[in-house]
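1. structure for this input, please:
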Amino acid sequence: MSMPKRACAKLLVAAIVALLVGSGASAEAAGRHSAADEQWLKTSIEGDRFEIAGGAIAQQKGNSPTVRALGARLIADHTKSLKDATKVARKLGVSVPGSPTPSEQWELQIVSTLSGPQFDHWYSALEVEDHKQDITESKDEVSEGSSSQVIKLAKEDLPMLKEHLKLSMQALSVSA
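-> Here you go, the predicted model:
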């Protein structure tokens with residue numbers, strides 16, 4: 001008994017659709033992710049390294065207790081964020097950057113040449129702008145990402161980044 005051609009075609013289309021729909025979940029289980037997910041992950045790791053290095057400079061060169069406390073908070077929070085992001089990157093097979101971006105390294109080099117109230121002002125201003133950008137990038141990952149693991153990291157980072165923006169703005173107002 002043979003199937004009519006039309007029924008056979010419908011069965012084939014249904015099988016293809018089932019494979020395509022099922023591949024979304026299995027693709028992530030296999031460690032697949034979008035280029036945007038990978039970019040956010042790498043940017044996040046580079047940013048964590050930037051914040052840890054900048055926080056260390058702030059603890060050494062900060063003129064006010066507010067700026068030194070900001071540096072300590074950034075080191076603590078971004079050390080945890082770095083650990084979490086590195087774990088997900090390795091799980092997904094994404095290369096883990098070992099340092100901040102060249103432009104971030106340049107920013108740290110410039111701010112480290114300053115001292116006293118001038119350091120406090122420019123370091124705090126740098127942190128305000130950096131955290132605004134980080135918040136935007138993390139919100140974009142949450143709304144447009146394809147890997148549930150990377151989206152979860154971005155969601156977890158948002159409250160921390162918002163708190164850092166608030167603390168950076170407070171440090172900037174003290175140093176103005």
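2. who's in contact with the residue sitting nearest the centre point of the chain?
-> The centroid of the chain falls nearest to S44 when counting by CA atoms, centre = their mean (2.7 Å). S44 makes contacts with 81, 85, 138, 153-154, 157, as judged by CB atoms under 8 Å, 6 or more residues apart in numbering. The C-beta positions use only the backbone N, C-alpha and C, and glycine is treated the same way.
3. buried ones in stretch 47-54, by neighbour count?
-> By 16 or more other CB atoms under 10 Å, the buried positions in stretch 47-54 come out as 47-54.
4. against which helices or strands is the host helix or strand of D84 packed?
-> Assigned by DSSP states H and E, D84 falls within helix 65-92. Contacts defined by 3 or more CB pairs under 8 Å, 6 or more residues apart in numbering; DSSP states H and E place helix 65-92 against helix 35-61, helix 116-144, helix 148-175.
5. so S81 touches P159, yeah?
-> No: the criterion here is CB atoms under 8 Å, and S81 misses it with P159 at 11.5 Å.
6. quick one: which of those two has more around it?
-> In this view S81 and P159 are compared by other CB atoms under 10 Å, and S81 has more residues nearby, 21 against 9.
7. give me the spatial nearest neighbour of that one, chain neighbours excluded.
-> Nearest in space to S81, with sequence neighbours left out and distances taken as CB to CB, 6 or more residues apart in numbering, is D48 at 5.0 Å.
8. N63 versus that neighbour, what's the distance?
-> Using CB to CB, to the nearest Å, one gets 25 Å for the distance from D48 to N63.
9. could you do G93 as well?
-> Counting by CB to CB - G93 and N63 are separated by 44 Å.
10. when the two are compared, which one has more neighbours?
-> Neighbour tally, G93 and N63, criterion other CB under 10 Å: the higher count belongs to N63, 19 against 11.
11. quick one, what contacts the more buried one?
-> 115-117, 119-120, 175.
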